[in-house]
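Enquirer: Predicted model and sequence follow; I will ask about them next.
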Amino acid sequence: MTAPPRPSLLGPSLPPFYCPLERDRVHPEAKQVEARAVEWLDSFGLYPDPVERAWGLATHSADFSSRIIPEGDPEALLLFTEWNYWANAVDDWQDSGSPEVGTGAVVEHGVRLLRTVEDPGAAVLPEGPMTRALLDLVHRTHALLTPYELHRFTEGTRDWLLGAAWRAARAESGGMPGLNDFVAMGPLANGTRFSMTWSAVARGERLPADLLCSPAVMALTDAAGFVVSADNDLFSYDKDDHLEPREINLVNVLAHRERCSPEEAVPLAVALRDRVMGLFLRLRERIEERADDRLDAHVRALCHYVAGSIAWQTRAPRYASPRNRNALPRAEARFEIRYSDAPTADGTEPPAGLPALVSWWRPLDG
């Protein structure tokens, strides 16, 4: 990070990232999509003042969207980008540490949000800019997506909201979860299926449901989601390191378990992350041996999701110049990261003592 006002608890630099996937892809209309998305945000007055607007735009949600979906329909990409700006505003509210944002508030809002996604006429959210923007998103989503795509999107939204509610409940209890609980439920808040639905829509993917929900493809998707979640826990750590009790993320869970500092827990987090990345690569190879063109495209999309998320977070001022250290985001801020050629841990068996991950390895046995 460039000249941080105070040092990171993770140490002077982030660890190298093992990611032997195609990198630096971005949608050719990324800049146009960003401009249109910002115009949409401003038309609804989503941010109450210039400071909040600056921090909202610092999420670089358009860059995230355009890197994990580097090809396909720009109109679908635009709608996904607007969803991401909106969802990041909700995420910031959930992570604000404000006394009124407890588990009850997060669950209440999440249920009403999900009901609105399913039925925009339900009228269960309060009037205001966030609700008006949401209703616009939901109406356009219903118009664009097929019934099955809409079902996938709703399930992805449910993952995100359930994960956020679980994290809020754990934070409110004041206790850090165990590692097995965390790897089973923590990554839900990442919204992997939320994002991958839009990737499929933009690319015109029409995978049969039985194939999309097959054990091997489900495991590949879960592994990708875990890697992206673990990477986010590293990039976003400084943003939330002022919270008490400590933010529930992979580093803090491991630090609590091992009774060590966050910096000492980083190699443990990277080792687990790399172990799952190794699984992702082996599953990808196994699936591609028998895949047709449609399934090949789906697997490539998951690879873009993993690699694109790293590239986005490297450049996003939301993480590289976090709000608890800066009055305003610094446009030039970025992480200087390195990529590694080999994993720090490359065991071929599921990690010991983590039954929540065992099912991800089973498709390799067939």
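Expert: Received it, and whenever you're ready, just let me know what you need. Numbering: from 1, shown residues only.

Enquirer: chain center to stretch 178-198, what's the gap?
Expert: Distance of stretch 178-198 from its chain centroid, counting by CA atoms, centre = their mean, to the nearest Å, is 8 Å.

Enquirer: ah, wrong one, I meant stretch 160-171
Expert: Mean-position distance between stretch 160-171 and its chain equals 14 Å (CA atoms, centre = their mean).

Enquirer: average pLDDT across that stretch?
Expert: Stretch 160-171 shows a mean pLDDT of 92.

Enquirer: count of neighbours near S236?
Expert: Using other CB atoms under 10 Å, the number of residues around S236 comes to 18. Every residue, glycine included, has its C-beta placed from N, CA and C.

Enquirer: Now do stretch 53-63: distance from first to last residue.
Expert: 17 Å (CA to CA, to the nearest Å).

Enquirer: For it, which outside residues touch it?
Expert: 26, 30, 33-34, 37-38, 41-42, 46-47, 81, 84-85, 88-89, 92, 312, 315-318, 321, 323, 328-329 (CB atoms under 8 Å, 6 or more residues apart in numbering).

Enquirer: show me the residues around the spatially most central residue of the chain that make contact.
Expert: When CA atoms, centre = their mean is applied to the chain, the residue found nearest the centroid is N190 (3.6 Å). Neighbour list for N190: W160, G163, G225, V228, S229, N232 [criterion: CB under 8 Å, 6+ apart].

Enquirer: Show me which of the residues you listed is closest to E349.
Expert: G225 (20.7 Å; CB to CB).

Enquirer: Just confirm the closest one contacts A189, I think it does.
Expert: No. G225 is beyond contact range of A189, at 10.2 Å (criterion: CB atoms under 8 Å).

Enquirer: returning to what we had before: G191 versus the residue nearest to the residue nearest to the centre of the chain when sequence neighbours are not counted, what's the distance?
Expert: Nearest residue to N190, sequence neighbours excluded (CB to CB, 6 or more residues apart in numbering): S229, at 4.4 Å. Using CB to CB, to the nearest Å, S229 is found at 10 Å from G191.

Enquirer: can you check A265 too?
Expert: For A265, the distance to G191 - CB to CB - is 25 Å.

Enquirer: These two: who's more crowded?
Expert: G191 (25 against 22).
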